[in-house]
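Undergrad: pasting the sequence and the predicted model now:
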Amino acid sequence: MQVAVIGGGYVGLVQAAIVADLGHDVMCCEIDPEKLAALQQGKTPIYEQGLDEIVARNHAKKRLIFVSDLAEATRFGEVIFICVATPANEDGSPNMDAYWDAFGKILDIPADKPKIIVNKSTVAVGTAREAQRLADEKGSNYHVVSNPEFLRQGTAVSDAYNADRIIIGAKGYAEAAALLEIYRDLNRPTFICDTTSAELIKYASNCFLASKISFINFMAELCEAYGGDVKDVARGMGMDKRIGPSFLQAGIGYGGSCFGKDVDALVHAAQLKDVRPEALLAARSVNHHQPVRFVDRIERTLGGLEGKTIALWGLAFKPETDDIRDSKAIDIANELVRRGAVVHAHDPEAMKRAAAAAPGVCFFDAHLDAAVGAEALVLATEWNVYRNTDPEEIRQRLVRPVIFDGRNMFDPVEMRRGGWKYYGVGRAE
Ligand SMILES: NC(=O)c1ccc[n+]([C@@H]2O[C@H](COP(=O)([O-])OP(=O)(O)OC[C@H]3O[C@@H](n4cnc5c(N)ncnc54)[C@H](O)[C@@H]3O)[C@@H](O)[C@H]2O)c1
């Protein structure tokens with residue numbers, strides 16, 4: 001099948017690469033000239049495990065080509081995936097400008113046979129219905145289908161091949177059929193529903209996971225207050241099949257390009273229809289509070305931050321990605337600087353992007369160098385390179401063996417046995 005992908009960012013590039021790998025011919029349209037130049041050489045402009053190999057392989061086989069002309073991609077595609085960004089507006093609603101711009105340009109290209117436009121971007125609830133109305137009003141041959149994306153950055157490629165489910169929102173089976181064919185060889189459970197339900201499934205899934213994280217962070221605060229260990233609490237809770245163990249890791253809060261914005265978008269969507277969004281407001285408020293609470297604890301423990309050198313490991317919003325969008329690690333870096341600390345930071349992949357977002361921070365190429373002469377180590381992103389570093393190596397470089405483990409990555413008992421002052425999130429001191 002001939003497939004067009006509009007937008008070659010995190011979602012679009014993964015989608016284009018996987019669909020090409022499944023044997024389809026893919027034309028991916030990207031307007032950013034820098035990204036496009038890299039892509040046209042078969043290189044990936046983002047860091048995502050395993051992706052560069054798939055892009056290079058399919059690019060070499062000419063099954064995956066990159067263009068800047070949306071009209072060319074639209075003419076090429078029997079199925080056209082829209083994968084442009086939908087960041088949050090001031091009022092929390094998703095900014096749909098890039099989507100409607102792309103959609104309008106697609107509609108301007110007449111289709112001589114039925115074609116499918118697929119909303120892969122996370123779009124405002126009701127978008128597919130409105131888009132279909134516009135397409136019908138023009139008397140066009142386009143059918144709009146919703147196929148929300150659930151990939152997690154860092155594991156996007158394996159997520160695509162092992163998806164728990166593929167959600168297809170369509171008017172009927174006929175409209176869904178092209179997507180079923182594209183994904184056939186993935187052999188993953190597929191659920192077909194109406195487009196609005198599909199859009200809501202996307203928001204519901206992310207908001208539920210965000211709420212789970214905020215709930216365990218609330219429990220972490222209680223653990224600190226009463227002297228419990230949130231890891232044990234989470235473990236005990238997670239053994240209940242109705243709850244499950246995932247997304248019960250307490251820490252500095254959820255981040256990334258999706259959770260925060262999707263929570264905001266669903267709050268906004270609820271308010272538009274006079275539905276009370278209290279459950280989500282609570283999740284959001286816990287999350288906003290989390291990095292501040294963490295820095296408060298560092299400041300209290302060290303007796304102030306003014307002039308103190310702090311080593312900060314991790315800037316990406318999670319490991320295995322260079323993405324710093326809504327990264328709580330960046331919030332912590334900036335808050336430490338604002339309170340007078342000298343921050344020596346390291347991240348294996350995200351330092352280039354972090355430079356503009358955390359301008360008061362000094363960056364180090366080697367994580368152990370960032371620790372030299374620091375009064376404490378703050379662990380903000382749980383990269384394996386940090387996990388695999390011998391604590392003794394770190395200890396030798398710090399002024400004092402003090403660690404604030406924002407991801408509960410280290411074992412407090414072992415650290416304390418090794419002479420460390422260890423502070424986790426929600427772990428008894
Ligand atoms: N990143 C994730 O983990 C993730 C997961 C699930 C869903 N989503 C959703 O997927 C959508 C895309 O997210 P992303 O992270 O890939 O964003 P992104 O910013 O990384 O990528 C969007 C790309 O689209 C390009 N673009 C914009 N307008 C274009 C046009 N008219 N023609 C061609 N290219 C155009 C941009 O230059 C950019 O490269 C969003 O709605 C997001 O909420 C993201």
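TA: Sure, I can see it.

Undergrad: now this structure against the ligand: closest residue?
TA: Closest approach between the chain and the ligand, counting by C-beta to the nearest ligand atom: Gly9, at 1.7 Å. No exception for glycine: its C-beta is placed from N, CA and C like everyone else's.

Undergrad: go ahead and confirm that residue touches Cys83.
TA: Yes: assessed by C-beta atoms under 8 Å, Gly9 is found in contact with Cys83 at 6.8 Å.

Undergrad: looking at the two, which one has more neighbours?
TA: A direct count of neighbours by other C-beta atoms under 10 Å for Gly9 and Cys83 places Cys83 higher, at 27 against 18.

Undergrad: who touches Gly23 in this structure?
TA: Listed by C-beta atoms under 8 Å, 6 or more residues apart in numbering, the contact set of Gly23 reads Arg63, Asp185.

Undergrad: mind checking the SS state of it?
TA: Three-state assignment for Gly23 (DSSP: H, G, I helix; E, B strand; the rest coil): coil.

Undergrad: quick one, grab the pLDDT at it.
TA: The model reports Gly23 with a pLDDT of 96.

Undergrad: swap in the one 4 residues further on?
TA: With respect to pLDDT, Met27 scores 98.

Undergrad: pull out the buried residues from the strand or helix carrying it.
TA: Taking DSSP states H and E as the definition, one finds Met27 inside strand 25-29. Counting neighbours by 16 or more other C-beta atoms under 10 Å, one finds that the buried residues in strand 25-29 are Asp25, Val26, Met27, Cys28, Cys29.

Undergrad: export the residues you listed to a markdown table and tack on distance to Leu70?
TA: What follows is the buried residues of strand 25-29, written out as a markdown table (distance: C-beta to C-beta, whole Å):
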| residue | distance to Leu70 |
| --- | --- |
| Asp25 | 17 |
| Val26 | 15 |
| Met27 | 10 |
| Cys28 | 11 |
| Cys29 | 5 |
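
Undergrad: filter those down to the ones close to the ligand.
TA: Cys29 (C-beta under 6 Å from any ligand atom).

Undergrad: which one of the buried residues of strand 25-29 is nearest Val378?
TA: Of all the buried residues of strand 25-29, Val378 sits closest to Cys28, with 38.8 Å by C-beta to C-beta.

Undergrad: was I right to think the closest one contacts Gly8?
TA: Yes: using C-beta under 8 Å, Cys28 is in contact with Gly8, at 5.0 Å.

Undergrad: now list whatever residues contact both of these two.
TA: The contact sets of Cys28 and Gly8 overlap at Ala16, Leu39, Phe66 (C-beta under 8 Å, 6+ apart).

Undergrad: just those: which are in helices?
TA: Among the shared contacts of Cys28 and Gly8, the ones falling in helices (DSSP state H) are Ala16, Leu39.

Undergrad: name the member of the shared contacts of Cys28 and Gly8 with the most neighbours.
TA: Ala16 (33 neighbours).

Undergrad: let me know the pLDDT of that one.
TA: pLDDT, Ala16: 98.

Undergrad: test my guess that it contacts Gly7.
TA: No: with contact defined as C-beta under 8 Å, Ala16 does not count as touching Gly7 (9.2 Å).

Undergrad: wait, what's in contact with the spatially most central residue of the chain?
TA: Centroid check for the chain by C-alpha atoms, centre = their mean gives Gly256 as the closest residue, at 4.2 Å. Counting by C-beta under 8 Å, 6+ apart, Gly256 touches Gln153, Phe317, Lys318, Asp323, Arg325, Asp326, Ser327.

Undergrad: out of these, which is nearest to Ala282?
TA: The shortest gap between Ala282 and any of these belongs to Asp326, at 18.6 Å (C-beta to C-beta).

Undergrad: and the longest helix for the chain?
TA: Ranked by number of residues, the top helix in the chain under DSSP H is helix 195-226.

Undergrad: off-centre distance for that one?
TA: Centroid separation for helix 195-226 versus its chain: 14 Å, with C-alpha atoms, centre = their mean, to the nearest Å.

Undergrad: any part of it near the ligand?
TA: No: judged by C-beta under 6 Å from any ligand atom, helix 195-226 and the ligand are separated, with a smallest distance of 7.4 Å.

Undergrad: quick check: buried residues in that helix?
TA: Under the neighbour-count criterion of 16+ other C-beta under 10 Å, helix 195-226 has 195, 198-203, 205-207, 209-221, 223-224 buried.

Undergrad: which parts of the stretch 201-350 of the chain are helices?
TA: Assigned by DSSP state H, counting those that start in this stretch, the stretch 201-350 of the chain shows helices spanning 230-238, 259-272, 278-302, 328-338.

Undergrad: what's the spacing between stretch 312-320 and its chain's center?
TA: For stretch 312-320, the separation from the chain centroid amounts to 12 Å (computed by C-alpha atoms, centre = their mean).

Undergrad: need the distance between the two termini of it.
TA: End-to-end distance for stretch 312-320, by C-alpha to C-alpha, to the nearest Å: 17 Å.

Undergrad: so Ser197 touches Gly169, yeah?
TA: Yes: assessed by C-beta under 8 Å, Ser197 is found in contact with Gly169 at 6.2 Å.

Undergrad: next, count neighbours for the closest residue to Glu392 other than its chain neighbours.
TA: Leaving aside its chain neighbours, Glu392 sits nearest to Gly418 (7.0 Å; criterion: C-beta to C-beta, 6 or more residues apart in numbering). Neighbourhood size, Gly418 [other C-beta under 10 Å]: 16.

Undergrad: ok, now which ones touch Gly418?
TA: Pro391, Glu392, Arg395, Pro401.

Undergrad: can you say which of those are buried?
TA: Pro391, Arg395, Pro401.

Undergrad: tally of neighbours for the nearest residue to His367 once chain neighbours are set aside?
TA: Excluding its sequence neighbours, the residue lying closest to His367 (C-beta to C-beta, 6+ apart) is His346, at 4.2 Å. The number of residues packed near His346 is 26, by other C-beta under 10 Å.

Undergrad: wouldn't His346 be in contact with Phe363 here?
TA: Yes: counting by C-beta under 8 Å, His346 does reach Phe363; the two are 7.0 Å apart.

Undergrad: quickly find the element holding Glu130.
TA: Assigned by DSSP H and E, Glu130 belongs to helix 127-137.

Undergrad: quick one: that helix to helix 195-226, angle?
TA: Angle, helix 127-137 to helix 195-226, by axes from the mean of the first three to the mean of the last three C-alpha atoms, to 10 degrees: 160 degrees.
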